[in-house]
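A.B. asks: A predicted structure for the sequence below; I have some questions about it.
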Amino acid sequence: SSSAAQYRREKKEEEINEKFEPRPIELRSDDIVDGVVGLIGNTPLVRIPSLSNALGVEVLGKAEFLNPGGSVKDRVALRMIQDAEQAGYLHPYTGSRIFEGTVGSTGISIATIAKAKGYSATIIMPDDVAREKVQALKCLGAEVEQVRPASIVDKKQYVNLARQRAVHFGEPSTSTEHPRPHIKTATSTVVVTTTASEDVMDGLDTVLEEQELREKPRGFFADQFENMSNFHAHLEGTGPEIWRQTNGRVDAFVSGAGTGGTIAGTGQFLKAMNDDILVVLADPEGSGLYNKIKFGVMYDRKEREGSKRRHQVDTVVEGIGNNRMTNNIDMAISSIDDAYRITDEEAVAMSRYLVQHDGLFLGSSSACNLVTCVKLVKKMGWKDGERVVTILCDSGSRHYSKFWNDDYLRAAEIPIDPSLIDDLLSSP
Ligand code: PMP
């Protein structure tokens with residue numbers, strides 16, 4: 001309804017106007033941390049020697065692949081779960097199962113933290129993602145449901161399936177006639193919590209007695225695309241950490257966007273600290289976000305017909321790109337200064353170049369980010385020690401079966417030619 005939309009808009013404005021107060025940051029040390037959750041965040045910033053030396057500009061990568069779940073998504077999963085606990089949506093004896101629709105990284109992070117906190121996880125994903133992600137999920141004890149690729153031309157379908165699974169979880173039958181109607185209402189309200197209005201949630205407390213909650217296991221739909229806990233994980237974590245680690249000396253921040261949480265939260269934090277910092281989007285082929293930033297619309301009909309990738313994301317480069325607006329991307333749009341569209345070939349070339357020169361074994365979205373860093377530096381004409389910071393989202397070990405599989409790439413007719421990066425670096 002329009003009043004719900006109005007509510008969400010106001011909520012978003014509140015978030016934007018909120019005063020940023022970075023939490024104190026303790027850098028990784030020899031301290032003893034409590035469990036796997038204690039290992040999340042506070043990642044180092046690594047200077048990338050080959051690119052930095054060739055450009056005369058410091059290219060710094062936030063080493064998110066060092067998180068215990070192997071990616072930047074650990075931060076988001078932890079924050080979503082903590083916020084849900086605090087709001088009472090996840091509770092030790094009522095809400096024991098977490099549902100999410102994801103291409104993998106977020107699922108692995110949720111599955112990891114769920115085990116540490118005594119919850120279960122159901123992860124719904126496309127069935128053509130790198131299979132090591134599915135293996136990781138199964139090893140972590142998550143329930144995995146895979147959806148055929150034909151049905152995921154945009155991300156809505158598997159995400160919606162996760163929502164549905166959460167709504168129906170715990171229902172004793174498929175009957176629409178629930179013996180206690182208020183509980184049914186509560187069950188379906190709870191899982192859409194992140195966009196539910198305050199008054200709905202207040203009402204919930206009054207109809208549900210603790211005893212009833214105890215009898216009624218609920219599903220929690222984490223909803224990373226719409227859930228603002230995602231944005232907050234970066235606004236209060238990634239952004240302040242980068243600021244501290246660089247003493248505020250940053251000229252540009254480069255990031256891809258899947259849900260948009262990273263670029264929105266980190267970008268907005270850095271902009272709030274210093275409006276001169278450029279925030280730049282790295283967008284893979286098949287994604288509409290580049291057009292959205294450059295021209296204000298996601299689709300260009302001519303392009304849609306001509307494009308090989310046909311607006312399909314998560315093909316070779318996984319985890320970034322999107323063809324619809326989400327709450328988290330919405331939060332980013334106003335702070336993105338520029339965008340680059342990166343081809344699969346360029347991302348592949350960068351990943352091989354970095355192994356050869358730096359021994360850095362990175363995933364596909366990290367490679368896209370770094371190609372964008374080089375293009376940005378070239379376009380800006382920077383060569384005097386300026387600083388570009390980006391995110392190294394995950395490691396190559398999540399990508400053996402696709403992005404790091406030469407046979408797969410050959411079959412997909414994607415060239416593997418790291419000299420492309422030499423050319424890019426030596427171009428005027
Ligand atoms: N890289 C990888 C490997 C990811 O899994 C994701 C999340 N889908 C991203 C980058 C993008 O991050 P965000 O969702 O914050 O835009």
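C.D. replies: Done, it's in.

A.B. asks: just checking, what packs against the strand or helix carrying R352?
C.D. replies: R352 belongs to helix 344-358 when assigned by DSSP states H and E. Contacts defined by 3 or more CB pairs under 8 Å, 6 or more residues apart in numbering; DSSP states H and E place helix 344-358 against helix 49-55, helix 364-380, helix 419-426. Glycine gets a C-beta too; all of them are placed from N, C-alpha and C.

A.B. asks: just checking: what are the partner strands of the helix or strand following the second one?
C.D. replies: Read it as helix 364-380. Downstream of helix 364-380, the first helix or strand assigned by DSSP H and E is strand 387-392. If you go by DSSP bridges, strand 387-392 pairs up with strand 58-63 (parallel), strand 252-255 (parallel).

A.B. asks: which of these is buried the deepest?
C.D. replies: Per residue and on average, the most neighbours among the strands paired with strand 387-392 fall to strand 252-255, with a mean of 28 (mean count of other CB atoms under 10 Å).

A.B. asks: run the chain-centre distance for it.
C.D. replies: Distance, stretch centre to chain centre, for strand 252-255: 15 Å (CA atoms, centre = their mean, to the nearest Å).

A.B. asks: before we move on, what about stretch 379-395?
C.D. replies: 20 Å.

A.B. asks: dump the strands paired with strand 387-392 into a markdown table; add distance to A142 and mean pLDDT as well.
C.D. replies: Converted to a markdown table, the strands paired with strand 387-392 look like this (distance: least, CB to CB, whole Å; pLDDT from 0 to 100):
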| stretch | distance to A142 | mean pLDDT |
| --- | --- | --- |
| strand 58-63 | 25 | 98 |
| strand 252-255 | 27 | 98 |
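
A.B. asks: columns distance to the ligand on top of those strands, output as a markdown table?
C.D. replies: Below are the strands paired with strand 387-392 laid out as a markdown table (distance: least, CB to the nearest ligand atom, whole Å):
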| stretch | distance to the ligand |
| --- | --- |
| strand 58-63 | 12 |
| strand 252-255 | 7 |
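
A.B. asks: next up, the contacts around the closest residue to L424 other than its chain neighbours.
C.D. replies: Leaving aside its sequence neighbours, L424 sits nearest to V374 (CB to CB, 6 or more residues apart in numbering; 5.5 Å). Contacts here follow CB atoms under 8 Å, 6 or more residues apart in numbering; on that basis V374 touches 51, 55, 59, 421, 424-425.

A.B. asks: rerun at 10 Å
C.D. replies: Each residue near V374 by CB atoms under 10 Å, 6 or more residues apart in numbering is listed here: 51, 54-55, 57, 59, 254, 340, 346, 350, 388, 421, 424-425, 427.

A.B. asks: re earlier: so which of the helices and strands packed on helix 344-358 is the most surrounded?
C.D. replies: helix 364-380 (a mean of 25).

A.B. asks: closest to G219 out of the contacts of V374?
C.D. replies: Closest to G219 out of those is V254 (36.4 Å), distances taken as CB to CB.

A.B. asks: that closest one contacts C373, doesn't it?
C.D. replies: Yes. Counting by CB atoms under 10 Å, C373 is a contact partner of V254 at 5.1 Å.
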